[in-house]
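In: Based on what follows, work out the 3D shape:
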Amino acid sequence: MKKASCTIKVLYSAALLLTLGCSSAVPTAPATKTQQTPVVSTGDSTKTQDGDSADGKTTADTAATPKVEDKPATPPATPPAAPAPMAITSTAFANMAPIPVLYVARQGGGNQSPPLQWKNAPAGTGSFAIQMIDLDFANPQPLVHWMISNIPATTTQLPVNIPAGNNLAAPAEALGANQFRNYGGPNPPNLHRYEWTIYAIKAGETLNLTANSTTNKTELEGKSLGKATLIGTFQP
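Out: From the prediction side, this is the model:
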């Protein structure tokens with residue numbers, strides 16, 4: 001009986017301890033209420049009051065970017081125009097036209113040198129030289145009919161009938177000019193072509209001329225900056 005009484009006391013004590021343990025548990029802290037940021041709708045996108053949009057982008061990110069208009073391409077610079085070539089003409093006859101009798105040496109011709117004009121001399125020209133040849137007389141090279149050199153660089157024409165001689169005192173356009181061969185007009189047996197070629201001689205050059213038209217052509221071309229030709233015809 002005494003032993004049973006002890007057992008009951010032990011069970012009672014265990015039950016009391018179990019009850020006290022459950023009631024002494026640590027209470028759970030009350031849940032904290034989360035404060036949400038108010039959302040403001042702007043029409044195109046929804047944003048919060050702190051400037052962020054609902055999708056995470058800032059107002060500045062969603063602002064329309066100004067369109068930059070394409071500028072027209074700058075056209076390439078126009079290269080300078082090429083200088084015009086030298087040209088020689090005569091008021092007495094056109095290129096490839098018949099030569100008037102006044103400038104021929106037969107059939108009562110006047111045997112006078114024709115008036116000549118030229119233009120577009122290259123920069124650096126020191127003087128001019130003119131050689132007149134018979135293109136259809138080749139024995140063994142074209143015959144020289146006139147060879148005049150040291151024509152002043154400021155001259156742009158020669159008047160009719162240049163006098164014979166060297167170191168000419170007149171006309172003014174040919175002042176100081178030299179003639180290796182004085183003018184001799186056309187005197188062919190049939191239709192011949194006559195060529196006047198003017199050469200723009202480089203400043204400081206000295207010419208070595210002969211009675212050989214081919215040799216003269218090589219000399220003149222080698223010491224010139226440019227040239228031009230005029231051709232006339234004559235048939236007795």
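
In: can you confirm residue 217 is in a helix?
Out: Yes: applying DSSP: H, G, I helix; E, B strand; the rest coil, one finds residue 217 inside a helix.

In: The residue nearest in space to the middle of the chain in helix, strand or coil?
Out: The residue lying closest to the centre of the chain (C-alpha atoms, centre = their mean) is residue 79, at 3.0 Å. With three-state DSSP as the basis, residue 79 sits in coil.

In: what's the distance between it and residue 114?
Out: Here the distance between residue 79 and residue 114 works out to 38 Å (C-beta to C-beta, to the nearest Å). In this view, the C-beta of every residue, glycine as well, is placed from N, C-alpha and C.

In: tell me which residues form a beta bridge with residue 198?
Out: Listed by DSSP bridges, the beta-bridge partners for residue 198 are residue 130, residue 228.

In: what about it, how many residues close to it?
Out: The tally of other residues near residue 198 (other C-beta atoms under 10 Å) stands at 25.

In: So for it, what pLDDT did the model give?
Out: If you check residue 198, the pLDDT there is 98.

In: same check, this time on residue 116
Out: As predicted, residue 116 sits at a pLDDT of 98.

In: quick one: it and residue 96, what's the gap?
Out: 16 Å.

In: residues touching residue 118, list them.
Out: Remark: with contacts taken as C-beta atoms under 8 Å, 6 or more residues apart in numbering, residue 118 is in contact with 86, 87, 88, 89, 128, 156, 157, 198, 228.

In: what's the nearest residue to residue 191 if we skip its chain neighbours?
Out: In space, residue 191 comes closest to residue 235 once its chain neighbours are excluded; the distance is 4.0 Å by C-beta to C-beta, 6 or more residues apart in numbering.

In: gap between that neighbour and residue 190?
Out: Distance from residue 235 to residue 190, by C-beta to C-beta: 6 Å.

In: higher neighbour count, those two?
Out: Shown here are residue 235 and residue 190; by other C-beta under 10 Å, residue 235 has more neighbours (11 against 8).

In: Please determine how far that one is located from residue 91.
Out: For residue 235, the distance to residue 91 (C-beta to C-beta) stands at 22 Å.

In: Tell me the pLDDT of residue 75.
Out: Residue 75 carries a pLDDT value of 82.

In: where does this structure have low pLDDT?
Out: 1-69 (pLDDT under 70).

In: in stretch 195-204, what counts as buried?
Out: For stretch 195-204, the neighbour count (16 or more other C-beta atoms under 10 Å) marks 195, 196, 197, 198, 199, 200, 201 as buried.

In: for stretch 97-116, same thing?
Out: Buried residues in stretch 97-116 (16+ other C-beta under 10 Å): 99-101, 103-105, 109, 111-116.

In: so which of these comes closest to residue 140?
Out: The nearest member of these to residue 140, counting by C-beta to C-beta, is residue 105 at 22.5 Å.

In: ok now do the closest one, which residues does it touch?
Out: By C-beta under 8 Å, 6+ apart, the residues touching residue 105 are 111, 184, 185, 186, 187.

In: Okay, and which of those map to helices?
Out: Assigned to helices by DSSP state H, none of these qualify.

In: want to throw these into a markdown table with distance to residue 132?
Out: Formatted as a markdown table, the contacts of residue 105 follow (distance: C-beta to C-beta, whole Å):
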| residue | distance to residue 132 |
| --- | --- |
| 111 | 13 |
| 184 | 9 |
| 185 | 9 |
| 186 | 9 |
| 187 | 13 |
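
In: hmm, which of those residues are the buried ones?
Out: Using 16+ other C-beta under 10 Å as the burial test, the contacts of residue 105 include 111, 184, 185, 186, 187 as buried.
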